[in-house]
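> The following block contains a protein sequence and its predicted model.
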Amino acid sequence: MANTEETKSIPADPSTEGHGGAGHEELVRGNLSFHDITELVSRHTEKKAPPAWYVAFATALSGTLLLLALMAYVVWNGIGAWGNNQPVGWGWPIVNFVFWVGIGHAGTLISAILFLFRQHWRTSINRAAEAMTLFAVICALIWPTFHVGRVWVIYWTLPIPNQMEMWPQFKSPLLWDVFAVSSYFLVSLIFWYVGLVPDLATLRDRAKDFWRKQILGFFSLGWTGSNRHWRNYEKAYLLLAGLATPLVLSVHSVVSFDFAVSVIPGWHTTIFPPYFVAGAIFSGFAMVVTLMVITREVYGLKNLITIDHLEKMNIIILVTGTIVGFAYITEFFMAWYSGVEYEQYAFLNRAFGPYAWAYWIMMTCNLVTPQLFWSKKLRRSIPVMFVLSIIVNIGMWFERFVITITSLHRDFLPSSWGYFSPTWVDIGTLVGSFGLFFTLFLLFLRFVPMVAMSEVKGVMPQADPHNYDIGNGHAGGDGEPYIEPATIAAVERPEQE
Amino acid sequence: MLDNLIREGKATMGIYESDADQVYGLLAEFPNPGALLHAAEAVREEGYRHFDTHSPFPIHGMDDAMGLGNSKVGYFAFLGGVTGCAGAYLLQWWTAAVDYPINISGKPFFAVEPSVPIMFELTVLFAAFGAVAGMLALNGLPRPYNPLFYSDRFEGASDDRFFLHIAASDEQFDSEETAAMLRRIGAQHIELVQDDGVSDP
């Protein structure tokens, strides 16, 4: 290969590590060349999948089939097949909806917000995290769609002229949700696809099989890596990141309006939007850590998704977990400070009532255990972070359970109090939604480049054109500050062809 | 006049016309991003306009080196955003206050405040559509057919190779002189790309 030797001859300067800003950190380990990156990532879509993939796929697919079967059961029998009833009209389906939407948020955070902050370490994980977002939002959309009961008229939620000549009620937060989540899905999808185009072109150029080349040629839009194209492409990507950032913050805020705009004690609080967004990022990062720990192990991507990447995510988990925990405590303070007895009762009932077990699971998993990440040793330990990331998501599911169920099960009239229990259909559909999520994620790992190759190449030291100038900007040499044109450097290098 | 305008417009997208001998242009390979950047500068200083560089990732500083201005994608995104915002406003006003007003607890049929979330969402959605549509339009994509694909070496442009392409449609183009110039500025491999439907042997 033309530049293998050259890139090897220019090692990343170790002395700049740690104090040279993001651009100087060693984001990719093992002194890899551009071609090595292409190989490392592309080959997984080209060769046979590892045996572990087939085992995982079979398991996940059975979960998907379970979900399909149970959703058919729910449609056939009505949503009473779930445990929803008065007083808890929003049971597990809504808990699961909020849980899955939240998971999605980390993907957008990594792809958009960290992009705007020029956090170059995101390049190794953004593709997989964005894919996770899409799949999580798909899993989320299932729940409200079926929860409306008559799924065959779900299009009534959209402003499409229908036989009743009626329009949706735009003053309802539930309708805002329809727009927020579907806009979020579409924007995430095009953001992901735009990011994929250069990498699909890489796969197209490597393809040997005729049909593979045709299909990839179709999806890569005739991309040639032209700088005239990169110019508009980068601008569009920047704009998409800038648009996705307020969008992702708005999505979970709108989801929280579903609760906060009602007048139920425990729901009617102004802290909900920021608290929901922090929780969403928290759970999403935990899911990314869970997935990345497995992926880098199975696919041998430890040089691309390094322990530093995982550590940074763990720090974000620690920060957002603490924000969420702080919000739990603030809610209690506000309930007391409001002087409203219904509000005070709702919170005391949460912590010490019939659902105290769920509340304390939530507290332990979300506030207490992530504090272990204060220790540098623990947040760099793969087994610890793997277990903790799963605990976080258990905790975050319980958070939504606590918010939804405990607020509803005892409202203003004691005569209508009740206790919610899930049915086997509730449990089966939740398990099935995980099946669907992992099925989609495994298909992604199999057929799509799981790391954004062009972006990783772009942040490597040898991608900087000034890396090739004589003097290289670093002290040493004859004391002349570097001004020399690089063409001379290029000419002086022995020709390799 | 109009033909010329269309030709130059297409050239900004990297779409060029072949000359009478079906020559599409010269494709020169450079060893690394630094060499490519300086080659692009040199080619521009020589007075060439119909040229482009191809690299597996965007090279920092290349837009200036090639003399390209700021991208115009932003206008498309802005237009999309305005459309989304106005569309959401009109949609909510017309459906709730004009087409089928329903009196609920004496509240106004239409108010801006509860309309804000959907106006916001559709602004973002349409601005994103505008950004991507604008990017594709300005780039002349999708473009499944490109004579450069006839070059086998060019497959490396998406892997680890760095190319500079000078189109035959450039006024200054002369296959021999241009090739000599490219060799002078450090090209490692130069290839004449022909739009004749035949790929490399």
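That came through, no problem.

> So which residue is smack in the middle of the chain?
Unless you meant another one, I'm taking chain A. Taking Cα atoms, centre = their mean, the centroid of chain A lies closest to A:Gly107, which sits 2.7 Å from it.

> look at chain B instead
B:Asn139 (2.5 Å).

> residue contacts, the residue lying closest to it once chain neighbours are set aside?
Distance criterion Cβ to Cβ, 6 or more residues apart in numbering or on different chains; nearest residue to B:Asn139, sequence neighbours excluded, is A:His229 at 4.5 Å. Yep, even glycine has a C-beta here, placed from its N, CA and C like the rest. A:His229 makes contacts with A:Trp223, B:Met13, B:Gly14, B:Asn139, B:Leu141, as judged by Cβ atoms under 8 Å, 6 or more residues apart in numbering or on different chains.

> Of these, which one scores lowest on pLDDT?
Of all the contacts of A:His229, B:Gly14 has the smallest pLDDT value, namely 82.

> Tell me if I am right that it is in a helix.
No - according to DSSP: H, G, I helix; E, B strand; the rest coil, the state of B:Gly14 is coil, so it is not within a helix.

> mind giving me the domain ranges of the chain?
Just so you know, I chose chain A. In terms of domains, chain A is parsed into A:4-463, A:464-497 (source: automatic domain parsing).

> My question was about chain B, not that one.
B:24-69+B:147-192, B:73-139.

> which of those domains has the lowest average pLDDT?
Across the domains of chain B, domain B:24-69+B:147-192 gives the lowest mean pLDDT, at a mean of 86.

> Any idea how far apart the tips of it sit?
8 Å (Cα to Cα, to the nearest Å).

> hang on, the earlier thing: highest mean neighbour count out of the domains of chain B?
Counting by mean count of other Cβ atoms under 10 Å in any protein chain shown, domain B:24-69+B:147-192 has the highest mean neighbour count of the domains of chain B, with a mean of 21.

> In which helix or strand does B:Leu27 reside?
strand B:23-30 (DSSP states H and E).

> Sticking with the closest residue to A:Trp267 other than its chain neighbours, tell me its helix or strand.
Among residues not flanking A:Trp267 along the chain, A:Phe259 sits closest, at 4.1 Å (Cβ to Cβ, 6+ apart). If you go by DSSP H and E, A:Phe259 is part of helix A:227-260.

> What residues sit buried inside that helix?
Residues of helix A:227-260 classed as buried: A:227-245, A:247-260 (neighbour count, 16 or more other Cβ atoms under 10 Å in any protein chain shown).

> hang on, the earlier thing: report the separation between the residue nearest to the centre of chain A and A:Cys365.
Counting by Cβ to Cβ, to the nearest Å, the gap from A:Gly107 to A:Cys365 is 22 Å.

> on that earlier part again, can I get the contacts of A:His229 in JSON lines including distance to B:Ala35?
Below are those laid out as JSON lines (distance: Cβ to Cβ, whole Å):
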{"residue": "A:Trp223", "distance to B:Ala35": "23"}
{"residue": "B:Met13", "distance to B:Ala35": "25"}
{"residue": "B:Gly14", "distance to B:Ala35": "21"}
{"residue": "B:Asn139", "distance to B:Ala35": "25"}
{"residue": "B:Leu141", "distance to B:Ala35": "27"}
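
> The closest residue to A:Ile405 other than its chain neighbours and chain B, how far apart?
Leaving aside its sequence neighbours, A:Ile405 sits nearest to A:Phe420 (Cβ to Cβ, 6+ apart; 5.2 Å). Taking Cβ to the nearest Cβ, to the nearest Å as the measure, A:Phe420 falls 29 Å from chain B.

> Per-residue confidence at A:Phe420, what does it come out as?
Confidence at A:Phe420, expressed as pLDDT, is 89.

> For it, give me its contacts.
A:Gly83, A:Asn85, A:Val88, A:Gly91, A:Ile405, A:Leu408, A:His409.

> how many other residues sit next to whichever residue of the stretch 51-200 of chain A sits closest to chain B?
In the stretch 51-200 of chain A, the residue that lies nearest chain B is A:Trp167 (3.7 Å; Cβ to the nearest Cβ). A:Trp167 has 20 neighbouring residues, counting by other Cβ atoms under 10 Å in any protein chain shown.

> helix/strand/coil for it?
A:Trp167 is classified as coil under three-state DSSP.

> For it, which non-adjacent residue is closest in space?
B:Thr95 (3.7 Å).

> Reduced to three states, what does A:Pro265 come out as?
coil.

> quick one: the residue nearest to B:Gln22 when sequence neighbours are not counted from chain A, how far?
Nearest non-adjacent residue to B:Gln22, counting by Cβ to Cβ, 6+ apart: B:Asp196, 4.7 Å away. Per Cβ to the nearest Cβ, B:Asp196 is found 19 Å from chain A.

> doesn't B:Asp21 make contact with B:Asp196?
No - counting by Cβ atoms under 8 Å, B:Asp196 does not reach B:Asp21; the two are 9.1 Å apart.

> Contact partners for B:Phe57?
By Cβ under 8 Å, 6+ apart, the neighbours of B:Phe57 are A:Pro198, A:Gly225, A:Ser454, A:Glu455, A:Lys457, A:Gly458, A:Ala463.

> for it, helix, strand, or coil?
Applying three-state DSSP: B:Phe57 is coil.

> So what does it have for phi and psi?
phi -150, psi 160 (degrees, to the nearest 10).

> any idea what sits nearest it, other than its immediate chain neighbours?
Excluding the flanking residues, the one nearest B:Phe57 by Cβ to Cβ, 6+ apart is A:Gly458, at 3.8 Å.

> A:Arg122 too?
A:Leu114 (4.1 Å).

> How about chain A: which residue is closest to chain B?
Across chain A, the shortest distance to chain B (Cβ to the nearest Cβ) belongs to A:Tyr468, at 2.9 Å.

> what's the neighbour count on A:Leu367?
Quick note: A:Leu367 (other Cβ under 10 Å) scores 18 neighbours.

> how would you label residue 108: helix, strand or coil?
Chain wasn't specified; assuming chain A. Three-state call for A:Thr108 (three-state DSSP): helix.

> my question was about chain B
Here B:Pro108 is recorded as coil under three-state DSSP.

> before we move on, what about the one 3 residues further on?
Put simply, B:Ala111 is coil when judged by three-state DSSP.

> any idea how far it lies from chain A?
Distance from B:Ala111 to chain A, by Cβ to the nearest Cβ: 8 Å.

> Leaving out the residues flanking it, which one is nearest to A:Phe401?
Nearest one to A:Phe401, counting by Cβ to Cβ, 6+ apart, is A:Val95 at 5.0 Å.

> Same check on A:His120?
A:His120's closest residue in space is A:Val459 (Cβ to Cβ, 6+ apart), at 4.3 Å.

> cool, and A:Val178?
Using Cβ to Cβ, 6+ apart, the nearest residue to A:Val178 is A:Thr157, at 4.8 Å.

> Return the distance of the one you found relative to B:Gly69.
To B:Gly69, A:Thr157 is 44 Å away according to Cβ to Cβ.

> can you check A:Lys208 too?
The gap separating A:Lys208 from B:Gly69 is 40 Å, by Cβ to Cβ.

> residues contacting A:Leu301?
A:Leu301 neighbours (Cβ under 8 Å, 6+ apart): A:Leu40, A:Val41, A:Ser124, A:Thr295, A:Met450, A:Val451.

> Next up, identify which helix or strand it is on.
Element membership for A:Leu301 (DSSP H and E) is empty, with no helix or strand holding it.

> How about A:Met313?
Counting by DSSP H and E, the element that carries A:Met313 is helix A:307-338.

> and that helix, how far from the chain's centre?
How far helix A:307-338 lies from its chain's middle: 18 Å, per Cα atoms, centre = their mean, to the nearest Å.

> For the residue of chain B at minimum distance from chain A, give me the backbone phi and psi.
Closest residue of chain B to chain A, Cβ to the nearest Cβ: B:Gly34 (2.9 Å). According to degrees, to the nearest 10, the main-chain angles of B:Gly34 amount to phi -60, psi -50.
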